[in-house]
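S.K.: Predicted model and sequence below, questions to follow.
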Amino acid sequence: MPTINDIAALVGVSKSTVSKAMNNADDISGSLRRKIIETAVEIGYEKKRIRKDVSKRLCILIENMDHEDPSGFGHDLVIGFQQMAVLAGWTVEVVVISPKEQAQISYDTFMLGERYEGAFILGLSLSDPWMQDLKTARTPAVLYDNHIQENPLVAYVGVNSDEGLYKAVSYLKGLGHTHIGYVGSGMGSQISLERYHAYIRAMEMHGLDVDMGSVSTEGYRPDLLHRGATAVVCQHDQLADEVMGHCKRAGYKIPEDISIIGFDDAAFSAHTTPPLTTIRQDRNALGRCGYYALSSLLDQTFISSLLLRAELIERGSVGRAKRI
């Protein structure tokens, strides 16, 4: 196992200088500290060798997700994680990280430099620099709605998309809908890919044909309404709300002319007109699962995926299929 002496030799400084850099001492320049941290990461130095007298530290890394407003999607994820971690004696810090910042410093270098032992990561897209770093990262991480297959130190938590889409299609079919469309919001995230393929599998499992003219993975298209679909499943609630607006402006009544289902059960979903039928994600429970998975990784129990059961929430945006 690499030691502080190894780092000191490679950088050409004393052991005490390395120790000061690891503990963020004021008399070490930023450039030297970064060089020491990067060297430590490169040779596989273990963070457990950093000072034992500081509190145990975890972080929640967030990109492009509202977590401060109680109605924001990330708020309950953060709260659920913190509730579990603080009870277990951890200090948890929330850090907003941009793609630009990710490009300037590697994930392991950042984590070692800040003395975090693990991270719960929310909101990263497939193109973000740290998604590549995480394939070989040595610092445990749990991703919400993203999956890194290659690294046993990275786990995935979320809601079972296959189960959610199966329930949505089953519910619609039970109400007489056989021409069911789908609207996604791009293919730049793991969850967007998962939900699209889950929709295809759910249609096949229910013996229903997929009309690709009634499917869009890049948001709403006006021609979707002219293909004869009587129902549309949307990748997430915000998109479902947008689709409802487009349908109303085009003269369609909801749910008399077309039924719409979302996914997430966001805070606003019960207050749309009509209220949105959706697949619920218990975000507080997902945050708690994020801590459970990270704690397991830190204890050398290599969890791959932890998926919550999907729950269908029936509201007013779905009705029986219109007879033709």
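M.R.: Everything's here; your move. Residues are numbered from 1 along each chain as shown.

S.K.: Do you have the helices of the stretch 201-324 of the chain handy? List them.
M.R.: Applying DSSP state H, counting those that start in this stretch to the stretch 201-324 of the chain gives helices spanning 237-249, 283-298.

S.K.: pLDDT below threshold where in this structure?
M.R.: Residue ranges of the chain with pLDDT under 70: 41, 46-55, 323-324.

S.K.: Quick check: can you list the domain ranges of it?
M.R.: Taking automatic domain parsing as the criterion, the chain consists of the domains 1-54, 161-281.

S.K.: right, so of these, which gets closest to Ala310?
M.R.: Closest of these to Ala310 is domain 161-281, at 3.4 Å (criterion: Cβ to Cβ). Heads up, the C-betas are built off the backbone N, CA and C, glycines and all.

S.K.: And that closest one, end to end?
M.R.: Distance across domain 161-281, first residue to last, is 10 Å (Cα to Cα, to the nearest Å).

S.K.: So which bits of stretch 68-88 are buried?
M.R.: Gly72, Phe73, Gly74, His75, Asp76, Leu77, Val78, Gly80, Phe81, Gln82, Met84, Ala85 (16 or more other Cβ atoms under 10 Å).

S.K.: scratch that, stretch 221-233 is what I was asking about
M.R.: By neighbour count with 16+ other Cβ under 10 Å, stretch 221-233 contains the buried residues Leu224, Leu225, Ala229, Thr230, Ala231, Val232, Val233.

S.K.: So Thr217 versus Asp241, what's the distance?
M.R.: Per Cβ to Cβ, to the nearest Å, Thr217 is found 18 Å from Asp241.

S.K.: Between the two, which has more neighbouring residues?
M.R.: Neighbour tally, Thr217 and Asp241, criterion other Cβ atoms under 10 Å: the higher count belongs to Asp241, 19 against 16.

S.K.: mind listing the strands for the stretch 101-250 of the chain?
M.R.: For the stretch 101-250 of the chain, applying DSSP state E, counting those that start in this stretch gives strands covering 119-122, 141-144, 154-159, 180-183, 215-216, 231-234.

S.K.: Dump these into a markdown table; add distance to Ile37 as well.
M.R.: Formatted as a markdown table, the strands of the stretch 101-250 of the chain follow (distance: least, Cβ to Cβ, whole Å):
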| stretch | distance to Ile37 |
| --- | --- |
| strand 119-122 | 16 |
| strand 141-144 | 18 |
| strand 154-159 | 21 |
| strand 180-183 | 45 |
| strand 215-216 | 45 |
| strand 231-234 | 44 |
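
S.K.: and the ones you listed, which is most packed in?
M.R.: strand 231-234 (a mean of 29; mean count of other Cβ atoms under 10 Å).

S.K.: Each with direction, which strands does it pair with?
M.R.: strand 180-183 (parallel), strand 259-264 (parallel) (DSSP bridges).

S.K.: and Arg115, which of those strands is closest to it?
M.R.: From the strands paired with strand 231-234, taking Cβ to Cβ, the stretch that ends up closest is strand 259-264, at 34.1 Å.

S.K.: What is the distance between the closest one and the centre of its chain?
M.R.: With Cα atoms, centre = their mean, to the nearest Å as the basis, strand 259-264 stands 19 Å off its chain's centre.

S.K.: Can I get that strand in PDB, CA atoms only?
M.R.: Taking Å, rounded to 0.1, in the frame of the first residue of the first chain, the C-alpha atoms of strand 259-264 are listed here in PDB:
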ATOM      1  CA  SER A 259     -54.700  10.100 -21.500                       C
ATOM      2  CA  ILE A 260     -51.300  11.100 -20.200                       C
ATOM      3  CA  ILE A 261     -49.100   9.400 -17.600                       C
ATOM      4  CA  GLY A 262     -45.900  10.900 -16.100                       C
ATOM      5  CA  PHE A 263     -43.100   9.400 -14.000                       C
ATOM      6  CA  ASP A 264     -41.700  10.700 -10.600                       C
END
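
S.K.: which residues are in contact with it?
M.R.: Contact partners of strand 259-264, identified using Cβ atoms under 8 Å, 6 or more residues apart in numbering, comprise 73, 164, 168, 171-172, 175, 177, 195, 230-237, 239-241, 243-244, 247, 254, 269, 276-281, 317-319, 321.

S.K.: Understood, closing this out.
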